[in-house]
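K.L.:
okay, sequence plus prediction incoming.
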Amino acid sequence: MIETVLPNPSKLPAKKSITPAYQVLIDFVKQIAPLTDEEIQTIIELVKVKTYEKGKILVKEGQISNTCFFVLKGCVRQYFLMDGEEKTTHFFTEGMPVSSTSSFDNKPVKFYLVCNEDCTMVEGRPEDEQNFFQQMPRMETLSRMGVEKELQKSQEVLADYITSSPEERYLNLLQTRPDLLDRVPQYQLASFLGVTPESLSRIRKRIMQK
C-alpha cells in the first residue's frame, strides 16, 4: 500500500497580502483582463509598485537611467530647462507609461520627470519586464497593445500641437484631458500649451464670453 503524504499547510509559502498600493494595480489590471488568485500572487511577487510624494524628482537632466514607470495614481510632469526656465512638455496621469527612451542607449536624458502629485506607480527595468512576461505570457500582448496605443496618442498630440493655435490647443485640452485643468497649476498648463500665464487667462476669458 502506497501512503499518500499531504503537504503540511504550515510549511507552504504564505500568500502575500495585498497592500493598498498593490490593490490599485490589481484593480487597474482587472479593467483589462480577469485575474486568477494565482496570477494576482504572481503580480504581487514580481511587479514593483512604489509610492512617491509630490515633488519627488524621478529623473534629472544628464542622468542615465533604464527605469520605466506606469502611473496607477497621480500625475508626473515632464519638463526641459531652457535658459533656467522650465518648459513643460507632458503630463502623465493614470494609465500612462512613463519612460526615458534615450536612457536605454546609455545616453543621458535631456529632461526632468517630477511627481506633480503624490503618485503610486509600477517601477521596473527591462529585465524585470522580461521576467514578468515569462511568468505571465498573456500579459505581454496586452501590455504592448497599451504602449502602442499611448505612442499613437503622443504622435497625435504632437501633430495637433504643431498645427494648431494656442486657443485651439486649449479647446482640445478641454475635450481630451479636462482633469488637468483642476490638477495642474496654471503656469505649468500655460507652459504646456506654449503660452504665458497671462495669455492663458485671456484665452479662458474669450472662451467663457463666447
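P.N.:
That came through fine. Residues are numbered from 1 along each chain as shown.

K.L.:
mind listing the helices for the chain?
P.N.:
Secondary structure of the chain by DSSP state H: the helices cover 20-30, 37-46, 126-135, 138-163, 166-176, 180-183, 186-193, 197-209.

K.L.:
neighbouring contacts of the fifth one?
P.N.:
Right, helix 166-176. Applying CB atoms under 8 Å, 6 or more residues apart in numbering, the external contacts of helix 166-176 come out as 160-161, 164, 180-181, 189, 193-195, 199-200, 203-204, 206-207. Quick note: C-beta positions are derived from backbone N, CA and C, even for glycine.

K.L.:
for the chain, which spans come out with low pLDDT?
P.N.:
1-16, 100-105, 146-147 (pLDDT under 70).

K.L.:
buried residues in stretch 125-143?
P.N.:
Across stretch 125-143, burial judged by 16 or more other CB atoms under 10 Å covers 128-129, 132-133, 136, 139, 143.

K.L.:
do the same with stretch 187-202
P.N.:
Judged by neighbour count using 16+ other CB under 10 Å, the buried positions of stretch 187-202 are 188-195, 200.

K.L.:
closest to Cys119 out of these?
P.N.:
Gln188 (15.8 Å; CB to CB).

K.L.:
domain map for this structure?
P.N.:
19-38+46-139, 147-210 (automatic domain parsing).

K.L.:
pick the most deeply packed of these.
P.N.:
domain 19-38+46-139 (a mean of 16; mean count of other CB atoms under 10 Å).

K.L.:
now do it: distance from first to last residue.
P.N.:
22 Å (CA to CA, to the nearest Å).

K.L.:
centre-most residue in the protein?
P.N.:
Val71 (3.1 Å; CA atoms, centre = their mean).

K.L.:
for that residue, name its beta-bridge partners.
P.N.:
With DSSP bridges applied, Val71 shows beta-bridge pairing to Met121.

K.L.:
for it, what are its contacts?
P.N.:
Contacts of Val71 by CB under 8 Å, 6+ apart are 92-98, 119-121.
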